[in-house]
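Novice: missing the sequence, but the structure's below:
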């Protein structure tokens, strides 16, 4: 009997994946077990009012020094490519 374990996210579990697994098992003596496990996600830490304004002031200063990149939502995909580490403004 064939044994295999497939671990995929809920977003990846599509009809296409299901069909691939079905094709893989075709003609084999196998059993299929589907197990759903909840993934614990950490809640983001809520920043303090002071932390928020510190980050905002830093971003404003960067923009004033010309370190920001402005684009519309339509332009965003092409404007943001290759901008790792730079702030983006919309």
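Specialist: Cool, got the structure. Nothing here was measured: the structure is a model prediction, and the numbers come from that model. Numbering: from 1, shown residues only.

Novice: Next, the contact list for residue 18, please.
Specialist: Neighbour list for residue 18: empty [criterion: C-beta atoms under 8 Å, 6 or more residues apart in numbering]. Where you see a C-beta, it was placed from the backbone N, CA and C, and this is true even at glycine.

Novice: pLDDT of the helix or strand that contains it, averaged?
Specialist: Using DSSP states H and E, residue 18 sits in helix 15-25. Helix 15-25 carries an average pLDDT of 86.

Novice: Need the phi and psi values for the residue most central in space within the chain.
Specialist: Note on the chain: the residue nearest the mean C-alpha position is residue 11, at 10.6 Å, using C-alpha atoms, centre = their mean. Note on residue 11: backbone dihedrals following degrees, to the nearest 10 are phi -70, psi -30.

Novice: Could you do the one 3 residues further on as well?
Specialist: Summarising the backbone geometry of residue 14 under the convention degrees, to the nearest 10, its torsions are phi -120, psi 170.

Novice: Alright, I will stop here.
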